[in-house]
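Chemist: coordinates only, sequence not included:
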């Protein structure tokens, strides 16, 4: 970004690009004439007919900017001030036009490669910038800075907050979520984590917090997610609208209203503004850290911007960081990036000591943690029916470098068991393995029929326990080769025949090699048959994972593409758990990749 300019080099110090004042006063008549003209211009400007005076009208550089709906009004206010004060970049006035748009919608459009129609994007979180970059045809996006920050917390109506000991009692994320979901009368709501950064960051924080509790942590996080799934809203604005209003019981008698919601501090501030004392929200800030919405300033298709527009974009970023602009953001309930919380603002939002509102910013969750949280969410919300098909050829006995002598099968088993723990009793999962001539002349066998994990099976066990034992028993077949194509066709045929409406139906196949059965159908025939079996009205995508350097990644991708699924290649079998959860999330949301 070396070509960008920051403050306008032509402007006198302290003017932020405003033209210098006239050196001589005009006579009284001229003054009256100027005032009359200025009055007319003011009317025109207020009606949207005129953006600048004559000095700027012909030279203004227009910059279209899209921002998250919560921060858009404050950014628009700064843009309007820039027009009013004739702020310049390289001698040309900047004309910034701000449009509010949901961050998840913009990320999806950029990921799909759609032409943006704007040069700058301010989502509420950097996670949307990362999401926008995931697609192979995605529009290039580069973060140039951050304009604001707001912690994610749990907001409660006063009666509900008092019942949980606010403000004196503090909780971890796991404890707070559990307390909020255990109560029969305390209803907890959140925006859909697939569409809300606040919702996803909170869910990830609950998962991280629960993991510190040991073996039962994953179950606890899943239980919280399941409870949240019953009361989600599409967006943060909609979840605010679910809040109970007034009444000594905090609205606990009306099942349509929530007493507790996941919100950003700024959203709570906006809700509380204008309400009388005792009618606003109280905020719990978990003691193990509050994640931040960080409002990145992202340049879109920078390589296609003209030099003037590119410099204007950086000039506006500089303007957003100036003291007056920061005061505008703080008055709207935001924190300045990297700075201490403004006491008056956070108290208006519902903060109170000893809640750790000033010191408990958490480390941002990793991409893997976010993927796992979103994968778990998708599974819980939609419920899954998966046929899992595992390569048992002899090559699965090969050691994995850096894994302490463990084989590919050993690491694969551990990863599959980790993934299994993320599924709920409502999910249906089965298991096949495959290698050449594994079952007579067939290259495959069904080890555990696909069934609901909570169902009882023979021997007094549940389907989950039966699957766990079957995963533990997976072993490579000595001298067994990879019978990939016949296996894929048989598993897909059975999965489509057993399609369950209302669930996420899929076949998950893992292989470390290429098809080695000379008597099997060809790849072309396999793809043709998969396409014939695939029914858009009853979708059963294939999630195909090629494991290791010898796997046939091209076949994996083509099988997935033929069914509307997703193909992946990993170098380490330990990555399988994260890939399965990511694939379930991606394909389950209609975002299949190849």
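Modeler: That came through fine. A quick note: this is a predicted structure, and the numbers were derived from the prediction, not measured.
Chemist: all strands for the stretch 151-300 of the chain, in order.
Modeler: With strands called from DSSP state E, counting those that start in this stretch, the stretch 151-300 of the chain shows them at 188-191, 232-233, 260-264, 282-284, 292-293, 296-300.
Chemist: can you add mean neighbour count and give those back as a markdown table?
Modeler: Just so you know, the C-beta spots here come from the backbone N, C-alpha and C atoms, and that holds for glycine as well. Compiled in a markdown table, the strands of the stretch 151-300 of the chain are given as follows (neighbours: other Cβ atoms under 10 Å):
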| stretch | mean neighbour count |
| --- | --- |
| strand 188-191 | 26 |
| strand 232-233 | 20 |
| strand 260-264 | 31 |
| strand 282-284 | 27 |
| strand 292-293 | 26 |
| strand 296-300 | 24 |
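Chemist: between those strands, which one is nearest to residue 343?
Modeler: strand 282-284 (13.9 Å; Cβ to Cβ).
Chemist: one step back: can you say which of the strands of the stretch 151-300 of the chain is nearest to residue 147?
Modeler: The nearest among those, by Cβ to Cβ, is strand 296-300 at 5.4 Å.
Chemist: quick one: that closest one to chain centroid distance?
Modeler: From the chain centre to the centre of strand 296-300 is a distance of 17 Å (Cα atoms, centre = their mean, to the nearest Å).
Chemist: show me what secondary structure element comes after it.
Modeler: Going down the chain from strand 296-300, the next helix or strand is helix 307-320, by DSSP states H and E.
Chemist: can you tell me the average pLDDT over that following helix?
Modeler: For helix 307-320, mean pLDDT is 97.
Chemist: now that helix: buried residues?
Modeler: 308-320 (16 or more other Cβ atoms under 10 Å).
Chemist: possible to save these as TSV with distance to residue 155?
Modeler: Listed next are the buried residues of helix 307-320 as TSV, based on distance: Cβ to Cβ, whole Å:
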residue	distance to residue 155
308	43
309	39
310	40
311	41
312	38
313	34
314	36
315	36
316	32
317	31
318	34
319	32
320	27
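Chemist: which members of those are the farthest-apart pair?
Modeler: 308 and 320 (18.8 Å).
Chemist: ends of stretch 356-366, how far apart?
Modeler: 23 Å (Cα to Cα, to the nearest Å).
Chemist: equivalent analysis for stretch 454-461, please.
Modeler: First-to-last residue span, stretch 454-461, Cα to Cα: 10 Å.
Chemist: equivalent analysis for stretch 159-170, please.
Modeler: 17 Å.
Chemist: quick one: buried residues of it?
Modeler: 159-161, 163-164, 166-167, 170.
Chemist: can you flag which of these belong to helices?
Modeler: 159-161, 163 (DSSP state H).
Chemist: export those residues as CSV, with columns for distance to residue 66 and pLDDT.
Modeler: As requested, those are exported to CSV (distance: Cβ to Cβ, whole Å; pLDDT from 0 to 100):
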residue, distance to residue 66, pLDDT
159, 39, 92
160, 36, 92
161, 35, 94
163, 41, 92
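Chemist: and stretch 441-459, how far out from the chain's middle?
Modeler: Using Cα atoms, centre = their mean, the offset of stretch 441-459 from its chain centre is 34 Å.
Chemist: which of the residues in that stretch are buried?
Modeler: By 16+ other Cβ under 10 Å, the buried positions in stretch 441-459 come out as 443-448, 450-453.
Chemist: and residue 342, how close does it get to residue 149?
Modeler: 12 Å (Cβ to Cβ, to the nearest Å).
Chemist: again, but for residue 552
Modeler: Taken as Cβ to Cβ, the span from residue 552 to residue 149 is 46 Å.
Chemist: repeat that for residue 306.
Modeler: In terms of Cβ to Cβ, residue 306 sits 31 Å off from residue 149.
Chemist: and residue 103, by the same measure?
Modeler: According to Cβ to Cβ, residue 103 and residue 149 sit 15 Å apart.
Chemist: got it, and residue 287?
Modeler: From residue 287 to residue 149 the distance is 19 Å (Cβ to Cβ).
Chemist: same question for residue 288.
Modeler: 19 Å.
Chemist: more crowded one of these two?
Modeler: residue 149 (21 against 18; other Cβ atoms under 10 Å).
Chemist: which residues sit in contact with that one?
Modeler: Contact analysis of residue 149 by Cβ atoms under 8 Å, 6 or more residues apart in numbering lists 292-295, 334-338.
Chemist: now with 7 Å?
Modeler: 292-295, 334-335, 337 (Cβ atoms under 7 Å, 6 or more residues apart in numbering).
Chemist: what residues are bridge-paired with it?
Modeler: residue 335 (DSSP bridges).
Chemist: just to revisit the earlier point, so which of the strands of the stretch 151-300 of the chain comes closest to residue 388?
Modeler: The nearest among the strands of the stretch 151-300 of the chain, by Cβ to Cβ, is strand 232-233 at 28.1 Å.
Chemist: chain center to the closest one, what's the gap?
Modeler: 15 Å.
Chemist: residues contacting residue 295?
Modeler: Residue 295 neighbours (Cβ under 7 Å, 6+ apart): 71, 122, 124, 146-149.
Chemist: the residues you listed in strands, which ones?
Modeler: 122, 146 (DSSP state E).
Chemist: who wins on neighbours among the contacts of residue 295?
Modeler: residue 148 leads the contacts of residue 295 on contacts (other Cβ under 10 Å) with 29 neighbours.
Chemist: what domains does the record give for this structure?
Modeler: 28-139+296-331, 153-292, 383-588 (automatic domain parsing).
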